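Novice: just need the structure, nothing else, for what follows:
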Amino acid sequence: MTSTEPVLQHALDKERAHHDRCRDALTAMVEGAGEQVVVGEDVSASGADAEVLGYQLRSRAKALRELPEGPLFFGALRGEQGELHIGRLRISEHPAEPPLVVDWRAPVSRAFYQASARDPQGVAVRRRFGWAPGSRGDSADLTGLEDEHLGQGESRASEIVAREIERPRVGPMRDIAATIQPEQDDLVRGDLALSVCVQGAPGTGKTAVGLHRAAYLLYTHPQRVRRGGLLILGPNRTFLSYIAEVLPALGETGVRQSTLAEEIAHWPVRAVDDASAAVVKHDARMAEVLRRALYARVRPEGAGELAVPDGSYRWRMRAEELARIVRDVREEEPPYGVGRERVRARIVRCLREQAERRAGPPPNSWVRRVERARPVTACLDAVWPRVRPEEVVAELLGDAAVLASAADGLLDAAEQRALLWAVPPRSWKSARWSAADLVLLDEVAGLIEHPEGYGHVVVDEAQDLSPMECRAIARRAPFGSLTVLGDLAQGTTPWAARSWRTVLAHLGKPDAAVVELTTGFRVPRAVVGLANRLLERLDVDVPKARSLRGDGELRTREAAPDAVPAAVVDAVRDALEREGSVGVVAADADVPRVRAALDAAGIAAAGPEELGARVSLVPASVVKGLEYDQVVAVEPAAIAEAEERGPHRLYVVLTRAVSRLEVVHGKPLPF
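Specialist: Residues are numbered from 1 along each chain as shown. A predicted model of the protein is given here:
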């Protein structure tokens, strides 16, 4: 059908009128939410109840006001349940009336993603809507529609979905609510109680799946998830900026999006480790080394007899009895800080029992006075001293004898030498901490006092996490669930994972299901084929990716080594003749000379943090997770040789293009 055909034109007019009605209803919902906040301020309720109600009303009003502009529905179902329009947010004219638009996360919407000609699930017709690119929600931007008659056994590939997936990538990441595929939908709607790991090949939408799963859990379990909180962990700030608009577009605001470095950044980073020290600090064995170093401070025999004055009388405890209390508490393995207070409580209980035998039950004021009595505190300091994480780590890294004792049988002599500071600071207060030290400090802090956990954590690019970083995340979700996203082939850190089972064990979720996504929707087939050639050289057991996209372009441009910058300029000029964003990706060390060549040619290239730029010059070390319509990959051999896992880094670079990849090289290609 074309837009001039009367039947299609009538259908478009009808749907545009429905969209206008939805727009009016949404405006009324926003205004009504604001009015409810005003009314709620005068509610007759207890202070706590009024506070909770006020917070809920203000949050609802704020979320509605902050909804990004755009089309209000992207699909519709007609069948056993009547006609339902599917969108990113439920819209109704009155709470008691059927909605004009059903939220894509509602159970009734699942058939939109899962129904097929073989299994219609009560759907007679599935309709998809085509909107003009960049539409802000004007009804006139509804330019087309497709009907799939599932009830009649009709099944066909959607041109609207294909166009949406393939349209140029400029600016931040978009949501995929309109294009979720059945296998992605299964992951998105997984049970909150279950943790899941997604091994996703490039272009399979694993990041989008994780974000949509977060939105689904917030919709389905609002109280449980918001009570514990939901955390999105990305590899760096550039990546978080790239994904920042997805959840708000789905109607979810107030979700914490952070990096692990920010979550544990309780101390400034002012030092840099050499490679050998960093590798040891990130090793799982350090957890036991730190535990030994901390609990070596517990000394059951550290105190003699305890005497607590009480007027003219003294309450006494023998040294043997004190040592027994400390040993009993130590065997219970509570957090270090809890253990100290548990020892105090048992000492006071023994003294209170003496007081009861002598003069009957003492008053509470007596108990509080004895708890804080100087002899009791001095005894505690001797057998279970108060300690800060900085003291433990500084002593461990600054004293060879302390390290040797804690690392005995765990770290060899060379590893211990790598850990020791060349010039120990005068005290922990003047210590200069490295990024890896923060992981150690967080481990000790978690041993002293367990942090408050989140209800659900989404971890992206998880293949790059070290065992100690995994433990830091596990402490933040001891009773919550995880969505773990990554690709073992894209692991680029020295401690990158070779097996998801190992990662999940360190994350405290050893039984989590591992699901593979191998069908790419974003990266063209030619680009995936090139990346698969490199995949064969990587030491990971992951299946080859495949792409549903037969379009796209792959080119190589060879030049003399000293002419590579000029060839890059020519490649960028060619790319600028086409639509979409251009990412120029080079080894970190080559970025300055590439930038100089682009500047000399009058081509303005932004950095990776400027997401709406037409041309971006991106160091290979930060391109992970980003996408560009066209990528100019500069000197692949230099990228592969720049670091220990350089071939993995190159695999990442080659899979950033969603339309066209041009490889510029002066050295032989490593694939």
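
Novice: elements contacting the host helix or strand of Arg78?
Specialist: Using DSSP states H and E, Arg78 maps to strand 75-79. Helices and strands touching strand 75-79, by 3 or more CB pairs under 8 Å, 6 or more residues apart in numbering; DSSP states H and E, are strand 82-87, helix 110-114, strand 123-131. Glycine gets a C-beta too; all of them are placed from N, C-alpha and C.

Novice: partner strands of it, with direction?
Specialist: Take DSSP bridges as the rule and strand 75-79 pairs in its sheet with strand 82-87 (antiparallel), strand 123-131 (antiparallel).

Novice: follow-up on the earlier one: can you put the helices and strands packed on strand 75-79 in TSV and add distance to Glu15 and mean neighbour count?
Specialist: Formatted as TSV, the helices and strands packed on strand 75-79 follow (distance: least, CB to CB, whole Å; neighbours: other CB atoms under 10 Å):
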stretch	distance to Glu15	mean neighbour count
strand 82-87	9	20
helix 110-114	16	20
strand 123-131	7	21
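
Novice: could those go into JSON lines alongside mean pLDDT?
Specialist: JSON lines is the format used below for the helices and strands packed on strand 75-79 (pLDDT from 0 to 100):
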{"stretch": "strand 82-87", "mean pLDDT": "96"}
{"stretch": "helix 110-114", "mean pLDDT": "96"}
{"stretch": "strand 123-131", "mean pLDDT": "96"}
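
Novice: of those, which is nearest His648?
Specialist: With CB to CB as the criterion, His648 lies closest to helix 110-114 of the helices and strands packed on strand 75-79, at 33.0 Å.

Novice: and Leu230, backbone torsions?
Specialist: Per-residue torsions, Leu230: phi -130, psi 130 (degrees, to the nearest 10).

Novice: contact partners for it?
Specialist: 214, 217-218, 255-256, 454-458 (CB atoms under 8 Å, 6 or more residues apart in numbering).

Novice: again, only this time at 6 Å
Specialist: The contact partners of Leu230, taken as CB atoms under 6 Å, 6 or more residues apart in numbering, are 214, 255, 456.

Novice: in helices, which of these appear?
Specialist: Among the contacts of Leu230, the members found in helices (DSSP state H) are Ala214.

Novice: and which of the contacts of Leu230 is nearest Lys206?
Specialist: Ala214 (13.1 Å).

Novice: skip the chain neighbours and tell me the closest residue to that closest one.
Specialist: Of all residues not flanking Ala214 in the chain, Val458 sits nearest, at 5.3 Å (CB to CB, 6 or more residues apart in numbering).

Novice: my read is that neighbour is in a helix, agree?
Specialist: No: applying DSSP: H, G, I helix; E, B strand; the rest coil, one finds Val458 to be strand, outside a helix.

Novice: spit out the contact partners of it.
Specialist: Contacts of Val458 (CB under 6 Å, 6+ apart): 210, 214, 232, 483.

Novice: hmm, 8 Å instead?
Specialist: 210-211, 213-214, 230-233, 482-483, 485.

Novice: can you redo these as TSV with pLDDT, distance to Ala287 and secondary structure?
Specialist: Converted to TSV, these look like this (pLDDT from 0 to 100; distance: CB to CB, whole Å; DSSP: H, G, I helix; E, B strand; the rest coil):
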residue	pLDDT	distance to Ala287	secondary structure
Gly210	96	27	helix
Leu211	96	31	helix
Arg213	97	29	helix
Ala214	96	29	helix
Leu230	95	26	strand
Leu231	96	22	strand
Ile232	97	25	strand
Leu233	97	20	strand
Leu482	98	19	strand
Thr483	98	24	strand
Leu485	98	24	strand
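
Novice: now distance to Arg533 too, for those, in JSON lines please.
Specialist: Below are these laid out as JSON lines (distance: CB to CB, whole Å):
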{"residue": "Gly210", "distance to Arg533": "28"}
{"residue": "Leu211", "distance to Arg533": "31"}
{"residue": "Arg213", "distance to Arg533": "32"}
{"residue": "Ala214", "distance to Arg533": "35"}
{"residue": "Leu230", "distance to Arg533": "39"}
{"residue": "Leu231", "distance to Arg533": "37"}
{"residue": "Ile232", "distance to Arg533": "33"}
{"residue": "Leu233", "distance to Arg533": "32"}
{"residue": "Leu482", "distance to Arg533": "33"}
{"residue": "Thr483", "distance to Arg533": "31"}
{"residue": "Leu485", "distance to Arg533": "25"}
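
Novice: okay, the helices and strands packed on strand 75-79 in a markdown table with distance to His18 next?
Specialist: Listed next are the helices and strands packed on strand 75-79 as a markdown table, based on distance: least, CB to CB, whole Å:
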| stretch | distance to His18 |
| --- | --- |
| strand 82-87 | 7 |
| helix 110-114 | 17 |
| strand 123-131 | 11 |
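
Novice: can you say which of those is nearest to Ala604?
Specialist: Ala604 sits nearest to strand 123-131 of all the helices and strands packed on strand 75-79, at 31.0 Å, using CB to CB.

Novice: tell me the first helix or strand C-terminal of the closest one.
Specialist: strand 142-148.

Novice: got the angle for that next one vs strand 75-79?
Specialist: Angle, strand 142-148 to strand 75-79, by axes from the mean of the first three to the mean of the last three CA atoms, to 10 degrees: 40 degrees.

Novice: can I get the CA coordinates of whichever helix or strand comes after strand 142-148 in CSV?
Specialist: Using DSSP H and E, the helix or strand that follows strand 142-148 in sequence is helix 159-166. Provided in CSV are the C-alpha atoms of helix 159-166 (Å, rounded to 0.1, in the frame of the first residue of the first chain):
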residue,chain,number,x,y,z
GLU,A,159,10.1,-3.0,7.3
ILE,A,160,9.2,-0.5,10.1
VAL,A,161,11.3,-2.4,12.6
ALA,A,162,14.1,-2.8,10.2
ARG,A,163,14.1,1.0,9.5
GLU,A,164,14.0,1.8,13.2
ILE,A,165,17.0,-0.5,13.9
GLU,A,166,19.0,0.7,11.0
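
Novice: other SSEs contacting the helix or strand following helix 159-166?
Specialist: Helices and strands here follow DSSP H and E; after helix 159-166, the next one along the chain is helix 182-188. In terms of contacts (3+ CB pairs under 8 Å, 6+ apart), helix 182-188 is packed against helix 110-114, helix 206-220, strand 513-517.

Novice: so how far is the longest one off the chain centroid?
Specialist: Per CA atoms, centre = their mean, to the nearest Å, the displacement of helix 206-220 from the mean C-alpha position of its chain is 11 Å.

Novice: buried stuff in that helix?
Specialist: 206-219 (16 or more other CB atoms under 10 Å).

Novice: next helix or strand past it?
Specialist: helix 222-228.

Novice: contacts for that following helix next, please.
Specialist: For helix 222-228, with CB under 8 Å, 6+ apart as the criterion, the contacting residues are 192, 217-218, 453-456, 479-480.

Novice: what's the mean pLDDT across stretch 323-330?
Specialist: Averaged over stretch 323-330, pLDDT sits at 97.

Novice: low-confidence ranges in the protein?
Specialist: For the chain, the stretches with pLDDT under 70 are 1-4, 35-66, 168-170.

Novice: which one of the buried residues of helix 206-220 is nearest to Val594?
Specialist: Thr207 (27.1 Å).

Novice: not counting sequence-adjacent ones, nearest residue to the closest one?
Specialist: Nearest one to Thr207, counting by CB to CB, 6+ apart, is Asp460 at 5.6 Å.

Novice: so that neighbour sits against Leu240, correct?
Specialist: No: judged on CB atoms under 8 Å, Asp460 makes no contact with Leu240 at a distance of 9.4 Å.
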